[in-house]
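In: Next input, structure requested:
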Amino acid sequence: MSKNIDTVIFDLGGVLIDWNPEYVFRQVFEEEEEMRYFFEEVCTSEWNLQQDAGRPLKEATEEKVREFPEYEAAIRAYYGRWENMLGGAIQETVRILEQIHARGAHRLYALTNWSHETFPVAQERFGFLQLFEGIVVSGQEKLAKPDHKIYHTLLNRYQARADASVFIDDNAHNVEAAKEVGLQAIHFQGAEPLKEELMGLGVL
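Out: Just a heads-up that it's a prediction; the model follows:
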């Protein structure tokens, strides 16, 4: 990867913010097997992504209840208890963000798949989000990663050059899509490996 980086773009969930629906559903289901079925067949990651791409939570919930009435209580808990899925900041990565910000040599942005209805909770809870010059939220754009259009939305909005930007995400599909757009990209697999890669790029 090139060392001529002037812009760093962070994903949020799984990189800077610990989000895991199991925090809620380990309390809802007694059996691991039933919880796995619920995530694989009822409230799937693909279904959640539709809400991240702007679908209203109420509409998605009611449709899913009609489809799986036997799981009504659990389905309503998905967004009804959504705040309890937030486990807190991933402090080691937040420190990296703070170090980049303190150096003042790079522009900082975030690009996140997140429902526009729940994102205000994160904004209120996590003060470090103020360190970003801008945040592109999929639910607001009605687009979600790995759609190439959402990467272009960020680049165009903030007049950033793809080849001078590095994108960090814990989802390999989103990383590959970023590379296809021309961004330099890092698959996040922990704070220490990330720190090493950023040092190699001259960001840290």
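In: Quick one: mean pLDDT for the longest helix seen in the chain?
Out: Longest helix in the chain, counting residues (DSSP state H): helix 91-103. Averaged across helix 91-103, the pLDDT comes to 97.
In: Below-threshold pLDDT in this structure: ranges please.
Out: Residues of the chain meeting the criterion pLDDT under 70: 1-3.
In: what about the strands in it?
Out: 7-10, 17-19, 86-89, 107-112, 134-137, 165-169, 184-187 (DSSP state E).
In: Dump those strands to a markdown table, plus distance to residue 150 and mean neighbour count.
Out: Where you see a C-beta, it was placed from the backbone N, CA and C, and this is true even at glycine. Output for those, formatted as a markdown table (distance: least, CB to CB, whole Å; neighbours: other CB atoms under 10 Å):
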| stretch | distance to residue 150 | mean neighbour count |
| --- | --- | --- |
| strand 7-10 | 11 | 25 |
| strand 17-19 | 18 | 18 |
| strand 86-89 | 22 | 14 |
| strand 107-112 | 7 | 22 |
| strand 134-137 | 7 | 20 |
| strand 165-169 | 11 | 25 |
| strand 184-187 | 14 | 20 |
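In: mind giving me the domain split of the chain?
Out: The chain breaks down by automatic domain parsing into domains covering 7-16+90-200, 19-86.
In: now what about the longest helix of the chain, what contacts it?
Out: 8, 10, 15-16, 106, 108, 128, 131, 188, 190-192, 194-195, 198, 203-204 (CB atoms under 8 Å, 6 or more residues apart in numbering).
In: could you measure the residue of the chain positioned farthest from its centre against residue 177, distance?
Out: No residue in the chain sits farther from the centre than residue 70, which is 30.2 Å out by CA atoms, centre = their mean. Distance, residue 70 to residue 177, by CB to CB, to the nearest Å: 36 Å.
In: can you redo the strands of the chain as CSV with distance to residue 48?
Out: Below are the strands of the chain laid out as CSV (distance: least, CB to CB, whole Å):
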stretch, distance to residue 48
strand 7-10, 20
strand 17-19, 10
strand 86-89, 14
strand 107-112, 13
strand 134-137, 15
strand 165-169, 16
strand 184-187, 21
